[in-house]
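S.K.: Pasting the sequence and the predicted model now:
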2 protein chains.
Amino acid sequence: MDKILRIKMGPQGAPSFVIEEIGKYAGLGGRALTSAIVAAEVPPTCHPLSEDNKLVIAPGLLSGSAASMSGRISVGCKSPLTGGIKEANAGGQGAQVLARMGYAAIVLEGKPKTEDLYKIFINKDGIQIDVDNSLKMKGNYDTVDQLKKQYGEKATYVTIGQAGEMKLGAASIAFTDVELRPTRHAGRGGVGAVMGSKGVKAIILDDSGMKMRSPKDPEKFKAANKIFVEGLRKHPVTGQGLPAYGTNVLTNVLNEAGGFPTYNFKEGRFPGASRISGEALAETEKARGGDPTHGCHRGCVIRCSGIYMDKDGQYLTKQPEYETVWSHGGNCGIDDLDAIAMMDRLDDDYGLDTIEMGATIGVAMEAGLAKFGDAAAAINLVKEVGKGSPLGRILGSGAGITGKVFGVERVPVVKNQAMPAYDPRAVQGIGVTYATTTQGADHTAGYAVTANILGVGGTVNPLKPEGQIELSRNLQIATAAIDSTGMCLFIAFAILDQPETFNALVDMINAFYGLNMTGDDVAELGKKILRMERDFNQRAGFTQKDDRLPDYFKKEIFPPHNVVFEVTDEELDKVYNF
Amino acid sequence: MDKILRIKMGPQGAPSFVIEEIGKYAGLGGRALTSAIVAAEVPPTCHPLSEDNKLVIAPGLLSGSAASMSGRISVGCKSPLTGGIKEANAGGQGAQVLARMGYAAIVLEGKPKTEDLYKIFINKDGIQIDVDNSLKMKGNYDTVDQLKKQYGEKATYVTIGQAGEMKLGAASIAFTDVELRPTRHAGRGGVGAVMGSKGVKAIILDDSGMKMRSPKDPEKFKAANKIFVEGLRKHPVTGQGLPAYGTNVLTNVLNEAGGFPTYNFKEGRFPGASRISGEALAETEKARGGDPTHGCHRGCVIRCSGIYMDKDGQYLTKQPEYETVWSHGGNCGIDDLDAIAMMDRLDDDYGLDTIEMGATIGVAMEAGLAKFGDAAAAINLVKEVGKGSPLGRILGSGAGITGKVFGVERVPVVKNQAMPAYDPRAVQGIGVTYATTTQGADHTAGYAVTANILGVGGTVNPLKPEGQIELSRNLQIATAAIDSTGMCLFIAFAILDQPETFNALVDMINAFYGLNMTGDDVAELGKKILRMERDFNQRAGFTQKDDRLPDYFKKEIFPPHNVVFEVTDEELDKVYNF
C-alpha cells in the first residue's frame, strides 16, 4: 500500500494511467487519505462534475491485513450534493482487495470529451481501461452479472447504476459483498455522480496472486487482534445486538426513545415500528430461509448484515440497514418490510443512497405526490429514478432539490444532505453532528446516539442542550481517525466502553506499521483530518451559517417529548474549538 | 406616501391588516425601502417560503407625482432563487397607483395554514381580503380578465400565474400595463413564489378618487421636470434608439460587438441575429398593425415598449424586450420572432422571468432535451411549466436546478440566478456586476454595457480587465439610488452623459420633498442601500466565494474575440471598497 494509481479520463486523448509512489501522502489511509488528496488537489470552487474534481478511492491503514473489521473503504471528492468535501464509506470486499494489491488509493481525474462509458480492470499484472457502451444505463445487478462473465467470480466489482450515469445528487458507488452482489454502497453525497461524470461505469479489482499484508511485528499484531476481537465479542452491542438483529436493532430503541423521525420528521414514534423492527426482520429472514447474521466483508466478526428473501424464498436484497428501514419505512409511514426491502433492492440496483432517497420520498409525500403510508406509490416513485424520467431525476437529486422543485418548506437537510434516522430534537447530540460535520447531515460523522440513547461511552440527556457540543466534538474527532484505519465504525461501541479494546486497536496499528502511537496521537490524527476538511469547505465558500439545522427544528415542537432543538448557534460554533 | 400597509396572512386566524405610519423608514422609497424592510425584519437564514419571509412592494420616491418616468415599482424579499436579498423591479401602472393612494409599501407577512387562495382589494376606502379559489392555477391573462369583471377597467392588477402558485424559483409578479394586460413583471429571483407562499393570487389597486402627489415646491419641480424631459428627448439612446426599436435595439449592437451569448453562452455572435433584431421586430410590428413605440406606464416619455401582433393581426404579447429576444432567441439558437413572442406570452401568462427561462432552456438544450434552434421544442418546454409537470417544475425552478437535475456543468448562473444577455467575457464590466451584485447575475444592477459597448458615460475596453471594477462599482451605487426614486433605469443613458439632466433629477427630488440634496448625497444613498443588502447576504451566509462567475468563464475561450474573463478574484473583492 505504498502506491497511488492515478487514472486520467481526459479531456485530451484516450484515458491513461500512472502509478506513483505514495510520497507526501505516506502514513495516511481511508478518510485521511481521500480528504488529504481532495483538499490538496481539487480546486474548492470547481464544479463537482467538472474535470477539475477528483474521485479518490482508498482502503484504510489496516485494510488487506489480518486485522478483523478492517474492510471499510473511503470514497472522497468534492460532493455534487453538498458542494463541500465528501468522504463516503462502504463495506464489501473493495478495501481488502485493493489494499492487498498494494494501492493506497485509486484517483480518477479529468473527464472524457465523448459520451463513452469505460470499465477499468486492475490486477497484479496491471491496469486495463476499455470502452464498454453495452453497460449503458444498466443497473448495478445487471452490470455485475455481465462483468462476472468476463472477469469471473473472484473479482470485486465497483460500479455505478443508472443514477451515477445520470450524475444525480443521490447517486452512490456500489461495492460487491462476499456473494458478489452490489449491496455495499459508498452512499452519501453523490459520489456516484462524480464517477459517472468521469465516464467510469465499473472498476474491477482482482487480487488473485496477491497476499495478505504483513505486519512489522506479527506476534504483537496477532496478540492485539485477539484482544480486540474478544472486546467486540463481549460488548452487548457488537457481541449480541448487532449480530442478532443487524443495525435495525435500533428501530425499537429509537422508537421507544421518541427519536424515530416519522412522517417526514413530524413525530418521534411510529405506530408501525414493531412490524419493521430488527426483531421482526430477523424473524422474517429466518422463516424464509434467509440469514440474519452475516458479514459484509471477509474478516468481519460482528456480522450485522444478513440476507433478505422475498415471500417465495428467493433472494431479494441484503438485510436492509436500520437507516433504510427508517427512511423508506417509518419516515414515509410505511410498515411493510417487503416493500422496504424492495426499495432497498431498487436503490442498490439504480445506485442510490437509501438515506437520501427515503428522506426525499418523505418530502415528496409532504408535497402531495403520494400519501404517507402508501408503499406501492413509494416504490413507484423510486422506480421513476430508474426510468430516468424528469420526476425520477428530481427525486434522484435528493431531498433539497425535491423540496425546491415542489415548493416544500419542511426539508430535513444540512448542507443540502438529508438527515438520517435520528430526530435532532429528541437526540440533540446527533443534531450537533448533523449541523457541524464537514459532510452535511451525517450520523456516522459523530454518532452521539451512543451517549444520548444507548448509554455507551457515558450518558448525556438527549433532550437537553447541555453536554452535546463536547460529546459531538469528541466523537467527530475519534470517528475521523477510525475512518482512516479501514475499521468498521461499529467497533466504536466496544472501544468507547472498554479501554482495553481501544488500546488493542492502537496496538494493532503500532504493530502493523512499527509505530509508537498513543491514544492522543490518534485523536491528533482525527483533528488534523477535520481541520483539513473544514478548511476545504471554507475555501469552497462555507461559513458558520452552513453549520445550522433548518429553522423549523428550532421552532416546531416534536412529539412525544414536545421539544425543539435547543443548542444555540453560539454553542454550535464552538464544536471546532480544538 | 407616509403609511405602510401590512397584511398578515397567517398562520393564526384569518388574514388581517394594519396601516402604520412609515416611521423609521421615512424618506425611503423603492429599492431603498424594500431592502431596508427586508434587512431589518426578515431573519436572513429563514426559508424563503416560510412565514418569516416578507414580500415588500414599494413605489419609488417620485412615483405618483407628475415626474416623468417615475412609474417603476420595487418588490423585495429573501429570494427563493438566490437565498439572498432581492429587489425585482417592474414597470406598468402599479407604482403610480399605489403611490397616489398614499402607500409607501405593502408588506405581505406570515403564511396561511390552509391552501386557500386570496385576493386583496385596495382603494381609497380601505382594504378587503377575500378567499377566491376560483382563480387557482389560472394564468395571469385569465386571472386579470376574471378580476376585471369584478373590479373594472380602472384598477391595476398585481398577480401571479401558475408558476407563483407552484412556488417556483423563476416565478415573477405581473403588473398590468396601460391596456390592463399583465405584461410588466417583477421578474427576477422568484418573487412570485414568495407571493404564492403567502397564498396571495392578486392585489387589486384602485386609485379612483385619489389625486396626483403634489410637490412642496411646484414651480421648481415643474421646471426641473421640463429640463429632465428635454434631456431624455435629446439623448440618442433615450430619444431615438429606444423609442424606435425598443430595448431590442441592442441585438444588433451586442451581436456586432461579439458579446451576444449564443447556444448557451458558447459564442458571441448569432448567425440569425438580424432576423430577431429590434429593426426586424419594429418592421414586423408595423406591418401587422402593432405599435413599436409605446409606454409601459403613464408618464413615460421614452416609450420603449410596443405591441406585438401575431400573423393574423391579433394581439399576442407586448413587444418582447431585448433580454427576452436574446434568452429565448439567440441563446437557444432560435431566429423566429413569432416563436420568441409566443414564449414571451407564455412566460407572462404563467408568471415567469423571461431571462431565467431562456437561460434554463439553453441549459436544457445542452442536456439534450431539445436541439439548439428547435423553436417548436422550446415552446413545448415552456408549456410544461404551465402544465405543472415534473419537467415543467424543474425548468420553472431555473437554470441552476435544471443544470443539477440534468447533470450539466456549463450553467451560466451567479448566486444561482441566470445571467442576462451579455457574455461576461466579451463585456467584462458586466461580468464584474454579475459576480458582485447582491442580487445574483443581474445586468440592471450595474449596467456596464454603457461604457463597455455603448460609449455612454465614457469608454472602457470591454475585452480587458482594466477599469471594470471602478465602472461596475460606480454604476452599482448610482443604480441603487435610481431604483429608489421610481425612475426607470433607462434615464441612466441621459444622466450619465448630460450633467444638466442628472442635476434636473436631483432638483426634482429636492423640489418634491423640500430638500437640499447634492449629487454626493444621492451616491451616499446608493452606498447605504448596497451596504444594507450586502450585510443581509453575509448574515444569510454569503461570502466572497459567492461573488464569482462559474469557473468555466475563466477557462473556456469565447469566440469571436477568443477571450476569457480576466478580472481576478482579488479585483472582484475590491468592488465594495467604498
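M.R.: Cool, got the structure. Source: prediction; values computed, not measured. Numbers count the residues shown, from 1 in each chain, chains lettered A, B, ... in the order given.
S.K.: residues contacting the closest residue to chain B within the stretch 301-450 of chain A?
M.R.: Of all residues in the stretch 301-450 of chain A, A:G407 sits closest to chain B, at 3.0 Å by C-beta to the nearest C-beta. Every residue, glycine included, has its C-beta placed from N, CA and C. By C-beta atoms under 8 Å, 6 or more residues apart in numbering or on different chains, the contact list for A:G407 reads A:A367, B:L49, B:M166, B:K167, B:L168, B:A193, B:G196, B:S197.
S.K.: correct me, but the fourth one touches B:H47?
M.R.: No - the criterion here is C-beta atoms under 8 Å, and B:K167 misses it with B:H47 at 11.0 Å.
S.K.: Those two: which has the busier surroundings?
M.R.: Neighbours per residue (other C-beta atoms under 10 Å in any protein chain shown) separate B:K167 from B:H47, with B:K167 holding more: 27 against 21.
S.K.: A:E571 versus the more buried one, what's the distance?
M.R.: Counting by C-beta to C-beta, to the nearest Å, the gap from B:K167 to A:E571 is 33 Å.
S.K.: Likewise for A:L316?
M.R.: Distance of A:L316 to A:E571, computed by C-beta to C-beta: 44 Å.
S.K.: who's more crowded, these two?
M.R.: For the pair A:L316 and A:E571, the greater number of neighbours falls to A:L316 (19 against 16), based on other C-beta under 10 Å.
S.K.: Contact partners for the more buried one?
M.R.: Neighbours of A:L316 in contact, by C-beta under 8 Å, 6+ apart: A:Y308, A:M309, A:D310, A:D338, A:A341, A:M342, A:R345.
S.K.: Skipping its backbone neighbours, what lies nearest the second one in space?
M.R.: It refers to A:M309. In space, and not counting its chain neighbours, A:M309 is closest to A:R288: 4.0 Å by C-beta to C-beta, 6 or more residues apart in numbering or on different chains.
S.K.: what pLDDT does that neighbour get?
M.R.: According to the prediction, A:R288 has pLDDT 95.
S.K.: Could you tell me which of the contacts of A:L316 belong to strands?
M.R.: Members of those lying in strands (criterion: DSSP state E): A:Y308, A:M309.
S.K.: Please check the contacts of A:L316 and keep the buried ones.
M.R.: Among the contacts of A:L316, those classed as buried by 16 or more other C-beta atoms under 10 Å in any protein chain shown are A:Y308, A:M309, A:A341, A:M342, A:R345.
S.K.: So for the fourth one, what's the nearest residue that isn't a sequence neighbour?
M.R.: In space, A:M342 comes closest to A:I379 once its chain neighbours are excluded; the distance is 5.7 Å by C-beta to C-beta, 6+ apart.
S.K.: Then the last one?
M.R.: What sits nearest to A:R345 in space, not counting adjacent residues and going by C-beta to C-beta, 6+ apart, is A:T317, at 3.9 Å.
S.K.: pretty sure the one you found is touching A:T183, no?
M.R.: Yes - counting by C-beta under 8 Å, A:T317 touches A:T183, with 6.9 Å between them.
S.K.: what touches both of the two?
M.R.: Common neighbours of A:T317 and A:T183 (criterion: C-beta under 8 Å, 6+ apart): A:D348.
S.K.: Now the stretch 201-350 of chain A against chain B: closest residue?
M.R.: Closest point on the stretch 201-350 of chain A to chain B, by C-beta to the nearest C-beta, is A:F265, at 14.2 Å.
S.K.: From A:A273, how far off is the residue nearest to A:P559 when sequence neighbours are not counted?
M.R.: Spatial nearest neighbour of A:P559, excluding adjacent residues (C-beta to C-beta, 6+ apart): A:E267 at 4.6 Å. Distance of A:E267 to A:A273, given as C-beta to C-beta: 12 Å.
S.K.: does the closest residue to A:P560 other than its chain neighbours sit in a helix, a strand or a coil?
M.R.: Computed as C-beta to C-beta, 6+ apart, the closest residue to A:P560 that is not its neighbour in sequence is A:G258, at 4.7 Å. Secondary structure, DSSP: H, G, I helix; E, B strand; the rest coil: A:G258 is coil.
S.K.: so who does A:G258 touch?
M.R.: Neighbouring residues of A:G258 by C-beta under 8 Å, 6+ apart: A:G268, A:R269, A:A426, A:P559, A:P560, A:H561.
S.K.: Check which helix or strand the residue of the stretch 301-450 of chain A closest to chain B maps to.
M.R.: Using DSSP states H and E, A:G407 sits in no helix or strand.
S.K.: likewise A:K119?
M.R.: Counting by DSSP H and E, A:K119 is part of strand A:118-123.
S.K.: angle of the next helix or strand after that strand against strand A:118-123?
M.R.: Proceeding N to C from strand A:118-123, the next assigned helix or strand is strand A:126-131, under DSSP H and E. Computed by axes from the mean of the first three to the mean of the last three C-alpha atoms, to 10 degrees, the angle separating strand A:126-131 from strand A:118-123 equals 160 degrees.
S.K.: average pLDDT across strand A:126-131?
M.R.: Taken as a whole, strand A:126-131 carries a mean pLDDT of 97.
S.K.: Which secondary structure elements does that strand sit against?
M.R.: strand A:3-8, strand A:16-21, strand A:118-123 (3 or more C-beta pairs under 8 Å, 6 or more residues apart in numbering or on different chains; DSSP states H and E).
S.K.: Please name the bridge partners of the residue nearest to A:P559.
M.R.: Beta-bridge partners for A:E267, by DSSP bridges, are A:T262.
S.K.: for chain B, what are the nearby residues on chain A?
M.R.: For chain A, the residues in contact with chain B (C-beta under 8 Å from any C-beta of the partner chain) are A:43, A:45-47, A:49-50, A:52, A:80, A:166-169, A:193, A:196-197, A:389-391, A:393-394, A:397, A:401, A:404-407, A:409, A:539-541, A:543-546, A:548, A:550-552.
S.K.: show me the contacts for the residue most central in space within chain A.
M.R.: Computing the C-alpha centroid of chain A and ranking residues by C-alpha atoms, centre = their mean puts A:N89 first, at 4.2 Å. For A:N89, the contact set (C-beta under 8 Å, 6+ apart) comprises A:G30, A:R31, A:R72, A:I73, A:S74, A:V75, A:A186, A:T444, A:D483, A:L489.
S.K.: returning to that earlier point: I'd like the distance between the residue nearest to A:P559 and A:G259.
M.R.: Note on A:E267: its distance to A:G259, by C-beta to C-beta, is 10 Å.
S.K.: Please consider this matter closed, and thank you.
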